[in-house]
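A.B. asks: What follows is a predicted protein model with its sequence.
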Amino acid sequence: MSKLVVEIADASDLMPKDGQGSASPFVEVEFDDQRQRTQTRFKDLNPQWNEKLVFNVGDLRRLTNKTIDVTVYDDRRDNQPGKFLGRVKISGAVVPLSESEADVQRYPLDKRGLFSHIKGDIALRIYASAPIDGGGADFIEEFVEKETKEEEEKKQEFQNQNQNSYEEVYVEPKPKKKEKETRTFHSIGAQQQQPPPAQAKPSPPPNQPEFRSDFMRAPGPPPGAVMQMPLPPRQNPEFQLIETSPPLAARRRQSYYYRGSSGGGGDKTSSTYDLVEQMHYLYVSVVKARDLPVMDVSGSLDPYVEVKLGNYKGLTKHLEKNQNPVWKQIFAFSKERLQSNLLEVTVKDKDLITKDDFVGRVLIDLTEVPLRVPPDSPLAPQWYRLEDKKGMKTNRGEVMLAVWMGTQADESFPDAWHSDAHRVSHSNNLSNTRSKVYFSPKLYYLRIHVMEAQDLVPSDKGRVPEAIVKIQAGNQMRATRTPQMRTMSPQWNEELMFVVSEPFEDMVIVSVDDRIGPGKDEILGRLFIPVRDVPVRQETGKMPDPRWFNLQRHSMSMEEETEKKKEKFSSKILLRVCIEAGYHVLDESTHFSSDLQPSSKHLRKPSIGLLELGILSARNLMPMKAKDGRMTDPYCVAKYGNKWVRTRTLLDALAPRWNEQYTWEVHDPCTVITIGVFDNGHINNDGGGDSRDQRIGKVRVRLSTLETDRVYTHYYPLLVLTPGGLKKNGELQLALRYTCTSFVNMMAQYGRPLLPKMHYVQPIPVRHIDLLRHQAMQIVATRLSRSEPPLRREVVEYMLDVDYHMFSLRRSKANFSRIMSLLSSLTLVCKWFNDICTWRNPITTCLVHVLFLILVCYPELILPTIFLYLFVIGMWNYRYRPRHPPHMDARVSQADNAHPDELDEEFDTFPTSRPADIVRMRYDRLRSVGGRVQTVVGDLATQGERIQALLSWRDPRATALFIVFSLIWAVFIYITPFQVIAILLGLFMLRHPRFRSRMPSVPANFFKRLPAKSDMLL
């Protein structure tokens, strides 16, 4: 019988739960319906057990599917269940299969619920053992052999993929000295564990680590070529930022500048393409041909050109029945992958039945190819006479070519066929692989004020209509409420808002309906207004005057209505319609918006700087097409403001190198740039509409966190939250530089409103904001998906976070943790003040007494002291400022330990598509959480109502005591100098503990006895 051994060493910094500032902990371990516990350590928050618990394991093969539950309780000794102190869940997949491989690991204790107060960690040593003469030993030996082999293969594959892009990384040492330095590491399974630090050699991480919610603490790795930058504790090293030093021209010039040289400057506002590594390409421009010979019996020729270099082959389009074809197509071959010194350009005749006929070819020696560097003018193409297969010049046929060696800065680079996409020809989805720049449509708000209508005529003459107004603009539909009074001339006075985009091609359809019954409306009249005819309102200008519009009868067409001159009267509606150009149309969440400018270009402020982004490379990408026997076809999309960029697609690459640079104008530093990586699903798509581009990961960088004129180069983790949990799909290497062109304007931006003036002068109703944002996102996604090549809807929606405002229990926990982290600073201040009052440190308390007396005697020093203290704190924290940009934090997002059911609920559709029992369980859970929130809100309301009860005479005796006490204090304060009162109160609050009572104070007792409205609730 195999055994599982759990050695419980010790725990530290446990939460006191016995009401006396301590706890009596014991540990209970449960595995496979077996439960054992340790002895109790009385009154000890840092207990040591050093006990070994042994469990039976039926089959070691099934150990990977089981979980070890380790729970710490406080022993109450009163026959009551112990209080919960924390727990750890460990998967059996990470348990070593021999005692020699097991080390003591520290696991932070996790909470049991949302409102649990848990802290501390526990040290465990876990391993499995099997009898030597049984089948388990053979299985262990086979398992270890297999895992060792796989690990070596992964290491070799990683080195092959990153031999050119792997850079040296460093981390600054911590300035503080500690007696015992601890760092947080991620437990990634026994098959990927490193040897002890004394013998370990740094090696790149494997391609596919195991993502788990439990962690261990161990000494840090030795200094080597790769080290992670310091992050907050308990951060998974797999999910953190890694600084790199790629050979960029900008970094070399920056280091030269910092060494004191006056050269290496240049125009800061010009993009010098220095944030990427130079990649050389062989460019072949096939322009046209002339006087080609006829190859078919029918006397026709369907020519195309085959450009071949080694094993790489590119094809132009074939042109039917043309002896003087014009192609104007460019091919680019990466210099790193050149497999031959001879370029072969062959002209062929396309045959649908037999083999394509050979027309002629041109051979070019690459040693004679010139080098072209922009801003040189384009290379002039030349005529080359075709040769036959024996190398002899033919009598007929010439082809015009231009061949040169250039870089990715060449203007031909974006539109060229690339050898990285050698499986795609010009006639087959080549546009889906090209790099492009897109611009979002210019969006405006359309405001329609529905005032009243006159002379409505229902079909039932004896019935007063219950009229509502429905307005449709594009795909958006809004409706007013029913008027308070049912008349033939109803009044609504409601404003409805829509999102429209240039060019204004939509039609606004206004319909007045009579609500006859539930779900049954009768149209009383319609109105068609072209959006292009609606007046535009610039900022806070005067609103246009309302107009009376004639309503067309639903039974008549527009032509009949205009031709019918003998109509005595028609129903009318009074509307005020205008296009608002002074607002910024929100198409992103305001938390990470990239553009805050108004819609009108006349109201926009000049730019204050430039943002330059170099998309360098990626590594350790996951094979997204593994089911099809392929790897990944990755490309990047970056979005800032209304400008979107898309890199070229590299085929079957897990370590792609793009090295493309883009530039944006910056109007506000408090904005965010978003970069996403996707797998192209339309390379081999033959017109099918089911394929989608899969998301690999996303990165956000806030510009205000970047220093000006500094080049940031980092590997960012590509994290994606899936219904199965958090998944790391690789790492993206970016180079960022924010250049300020107007320092004064940039600093002045911090004092200006975040949004344009109209958002504050005439704010949009809150109930409309989310709906308008969703409509703006849909318009942007629809417009960009109609570009060529299209930027797919799923890509745009992922970049804009369309579902960000949907309910998520994981996000709720994350926001709650953020609030608790924010309040922890206030808690520390209160704890410090309590230590001062209780004379925990007599020297500090005496110094506070002296400072207090000085401030009371010289009150004019209070404000200068406060602001000087803030200045000193800021200067002290300057040395600990962040040295790298922010990135997606899995710990803050509560994504690395989210429960599977919470993720399933987050990815559920709206409305839900889950079975009724699951929906009922989630509803009950939401009720439970809502009940706790309800209790907290009720307690806050109770405290506020007690304050109101001081003077409300609800408790006449309490109010009488308070007002008499207030009168006495008023007289006492009037006749006593303020400094004397302040000194007396201060010394009373800072009195020594021997003059304090353990019982609550009189004011606290009085306040708790005041009445509240909680006893009035049903």
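C.D. replies: On my side now, so go ahead. Because the structure is predicted, anything quoted here is derived from the model rather than measured. Residues are numbered from 1 along each chain as shown.
A.B. asks: Residue 451 looks like it's in a strand, true?
C.D. replies: Yes. Counting by DSSP: H, G, I helix; E, B strand; the rest coil, one finds residue 451 located in a strand.
A.B. asks: Skipping its backbone neighbours, what lies nearest it in space?
C.D. replies: residue 574 (4.2 Å; CB to CB, 6 or more residues apart in numbering). For the C-beta atoms, the positions are set from N, CA and C on the backbone; glycine is no exception.
A.B. asks: would that neighbour count as being in a helix?
C.D. replies: No. Counting by three-state DSSP, residue 574 is not part of a helix but strand.
A.B. asks: Tell me how far it lies from residue 545.
C.D. replies: Counting by CB to CB, to the nearest Å, the gap from residue 574 to residue 545 is 10 Å.
A.B. asks: do the same with residue 452
C.D. replies: 15 Å.
A.B. asks: Name the residue in these two with the higher neighbour count.
C.D. replies: The neighbour count for residue 452 versus residue 545, taken as other CB atoms under 10 Å, is higher for residue 452 (17 against 7).
A.B. asks: Please check which residues sit opposite that one as beta-bridge partners.
C.D. replies: On the basis of DSSP bridges, residue 452 is bridged to residue 491, residue 574.
A.B. asks: circling back to that earlier point, quick one: the residue nearest to residue 451 and residue 546 touch, right?
C.D. replies: Yes. Applying CB atoms under 8 Å as the test, residue 574 and residue 546 come out as touching, 5.3 Å apart.
A.B. asks: Give the residues shared as contacts by these two.
C.D. replies: Listed as contacting both residue 574 and residue 546 by CB atoms under 8 Å, 6 or more residues apart in numbering are residue 451.
A.B. asks: before we move on, the earlier item: quick check: pLDDT value at the residue nearest to residue 451.
C.D. replies: Note for residue 574: predicted pLDDT of 93.
A.B. asks: Count the residues that sit near it.
C.D. replies: By other CB under 10 Å, 16 other residues sit near residue 574.
A.B. asks: cool, residue 906 as well?
C.D. replies: By the criterion of other CB under 10 Å, residue 906 has 17 neighbours.
A.B. asks: how near is residue 1005 to residue 948?
C.D. replies: 19 Å.
A.B. asks: neighbour-wise, which of these two wins?
C.D. replies: Neighbour count, other CB under 10 Å: between residue 1005 and residue 948, residue 948 has more, with 13 against 10.
A.B. asks: do you know how far that one is from residue 1010?
C.D. replies: In this view, residue 948 and residue 1010 are 9 Å apart by CB to CB.
A.B. asks: Repeat that for residue 302.
C.D. replies: From residue 302 across to residue 1010, the span is 96 Å (CB to CB).
A.B. asks: go on, residue 989?
C.D. replies: 23 Å.
A.B. asks: Give me the more crowded residue out of the two.
C.D. replies: The neighbour count for residue 989 versus residue 1010, taken as other CB under 10 Å, is higher for residue 1010 (20 against 11).
A.B. asks: Now the more buried one: closest residue in space that isn't a chain neighbour?
C.D. replies: Closest residue to residue 1010 apart from its sequence neighbours, by CB to CB, 6+ apart: residue 946 at 4.1 Å.
A.B. asks: what's the neighbour count on that neighbour?
C.D. replies: Residue 946 has 21 neighbours, counted by other CB under 10 Å.
A.B. asks: how about the helix or strand harbouring it: buried residues?
C.D. replies: Residue 946 belongs to helix 916-948 when elements are defined using DSSP states H and E. Buried positions in helix 916-948, judged by neighbour count with 16 or more other CB atoms under 10 Å: 922, 929, 942, 945, 946.
A.B. asks: same question, stretch 330-339
C.D. replies: 330, 331, 332, 333, 334, 338.
A.B. asks: Tell me which residues are up against that stretch.
C.D. replies: Residues outside stretch 330-339 that contact it (CB under 8 Å, 6+ apart) are 164, 279-286, 307, 309-312, 314, 366, 405, 412-413, 415-420.
A.B. asks: Selecting buried members of those residues in PyMOL, what would you type?
C.D. replies: Here is the PyMOL command that selects the buried residues among those (16+ other CB under 10 Å):
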select buried, resi 279+281+282+283+284+285+286+307+309+312+314+366+405+412+413+416+417+418+419+420
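A.B. asks: picking up where we left off before, closest to residue 886 among the buried residues of helix 916-948?
C.D. replies: For those, the closest approach to residue 886 (CB to CB) belongs to residue 929, at 29.2 Å.
A.B. asks: And the helices in the stretch 51-200 of the chain?
C.D. replies: Along the stretch 51-200 of the chain, the segments classed as helices by DSSP state H, counting those that start in this stretch run 135-161.
A.B. asks: sec struct for the spatially closest residue to residue 789 that is not a sequence neighbour, please.
C.D. replies: Leaving out its chain neighbours, the residue that sits closest to residue 789 by CB to CB, 6+ apart is residue 431, at 4.2 Å. At residue 431 the chain is in helix, as set by three-state DSSP.
A.B. asks: For residue 431, give me the pLDDT.
C.D. replies: pLDDT at residue 431 comes out at 74.
A.B. asks: pretty sure it is touching residue 683, no?
C.D. replies: No. Counting by CB under 8 Å, residue 431 sits too far from residue 683 to count as a contact (11.3 Å).
A.B. asks: Which of those two has more residues huddled nearby?
C.D. replies: Remark: of residue 431 and residue 683, residue 683 carries more neighbours, 21 against 15, as counted by other CB under 10 Å.
A.B. asks: Grab the nearest non-local neighbour of the more buried one.
C.D. replies: Nearest-residue entry for residue 683: residue 633, 5.4 Å, with adjacent residues in sequence omitted and distances by CB to CB, 6+ apart.
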